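Colleague: fold the stuff below for me.
(2 chains)
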Amino acid sequence: MSTPAQILPIAEVCQFLALNDETKQMAMKGGFLRQGLYRMIYIVRSSVQWLFDYNSSDSSLIAKANYLYWLCTPYIGQAQFILNSGGSGEIINPATGVASTIEAILYETTVDGIGTPIIVNGATSVIITDDFILSQSIQVIVDTVPIQYGVYTDRLSYTVVYTDTEATITFYYGSPNVGVQSGWHIEFRGLKFVAI
Amino acid sequence: MAYNAAFTISSLIIPGSFIFTDASTGLDLNITSRRIGLYQADGTLLTGDWIDFPLAEPSITLDVLNVDYSLNIVYEVTSSAPLPPPSAYTASGIFTFTGNSYQFIDGLIGSIAYNYTIVGDTNFLNNLGAVQTFLDSAIRAGDTGQQQAAQECLNKTQFYIINQQMYF
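Modeller: You can find the predicted model right below:
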């Protein structure tokens, strides 16, 4: 779990990565799913930085810093690489010790429809099979809206468990948990290590 | 050795108050009094009068920031036998206090962090962006000594704070 002191410089880099991403997507595709994300990261980072400077032991600081960290998905891996560069700049997959690069992953599916992975109505979990997905990099988008990370009963949310070969996404929707609903279009975006 | 009046301000980001600390250099054994003037952008004193700064105290806490202000803080030291120039018995500077504005935005971020669906309200994000812009503008204006401009921006932020029920 990253601390606020670790999250703040990551967020500062992610802010520019998000802006860069949006600029490219708008130019190449005429649209971007999360328009204004860079500005949101800036506003939240500025506020968290103030709270950290004003009272680093404030009880709400951790929650706000974690929200900021979540906003930075899926740029975190790239930001960490940038922050750690200055030496050889080489990325090492911590699981294998092999020099690697970081690539984006995207899986799209419709509940009770076509796509990968296959998800049916009422499912509360799904497995993304892919090697060396970066921890905490997966973001879930349902019908063009990013959903919140964590376990909540009053809103749609998700958690992820990562292994070297797959990521298991668990959905939380209501109490009792009714899972995903038929017709939802779901995107899973993240990063993974690829050996070079 | 010449005497030069000087002071430091503890922080610009703490809501409600700040600590004024004497940082004068040199020696004058005939100092009789010290006082602090907090001038607003319109030229009037924030507290209506000068604030006495007791000689025995190295610092004083001024609990005067019920809202954010850009202040021209003037520090005057009085001596019964002032030393000749280059000694100086007055120091001043423009300080833009932003703690209340930051605290307000922090509350809004807390609302989002605990209830992400609130960002679905288009006006919430637009107005949050506006408040952040005014705050940033106040800081930049203050950094370049533009007290009037800084205060105007802080006034706009304060407007959102007062009418937060309508805008958030």
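
Colleague: which residues of chain A lie near chain B?
Modeller: Proximity of chain A to chain B, by CB under 8 Å from any CB of the partner chain, involves residues A:36, A:39-40, A:42-44, A:46-48, A:50-51, A:53-54, A:60, A:63-64, A:66-67, A:145, A:148, A:155. (Each C-beta comes from the backbone N, C-alpha and C, glycine too.)

Colleague: if we use 6 Å, what do you get?
Modeller: Applying CB under 6 Å from any CB of the partner chain, one finds that chain A approaches chain B through A:I43, A:V44, A:S47, A:W50, A:L51, A:Y54, A:S60, A:A63, A:K64, A:Y67, A:Q148, A:R155.

Colleague: what about the helices in chain A?
Modeller: Here chain A has its helices, by DSSP state H, at A:4-29, A:37-54, A:61-71, A:76-84.

Colleague: now chain A against chain B: closest residue?
Modeller: A:Y67 (3.8 Å; CB to the nearest CB).

Colleague: ok, that residue touching B:A113?
Modeller: Yes. With contact defined as CB atoms under 6 Å, A:Y67 counts as touching B:A113 (3.8 Å).

Colleague: may I ask which of the residues of chain A next to chain B has the most neighbours?
Modeller: Ranked by the number of neighbours (other CB atoms under 10 Å in any protein chain shown), the residues of chain A next to chain B place A:V44 first, at 28 neighbours.

Colleague: how much space between that residue and B:I13?
Modeller: According to CB to CB, to the nearest Å, A:V44 and B:I13 sit 17 Å apart.

Colleague: give me every residue in chain B lying close to chain A.
Modeller: Residues of chain B lying near chain A (CB under 6 Å from any CB): B:I13, B:Y102, B:I105, B:D106, B:I109, B:G110, B:A113, B:Y116, B:T117, B:Q132.

Colleague: so B:T21 touches B:S10, yeah?
Modeller: No. Here B:T21 lies out of contact with B:S10, judged by CB under 6 Å, at a distance of 7.1 Å.

Colleague: can you tell me which residues contact A:T159?
Modeller: A:T170 (CB atoms under 6 Å, 6 or more residues apart in numbering or on different chains).

Colleague: and residue 27, how many neighbours?
Modeller: Looking at chain A here, since you left the chain open. A:A27 sits with 9 neighbouring residues when counted by other CB under 10 Å.

Colleague: hmm, no, I was thinking of chain B.
Modeller: So B:L27, with other CB under 10 Å, has 10 neighbours.
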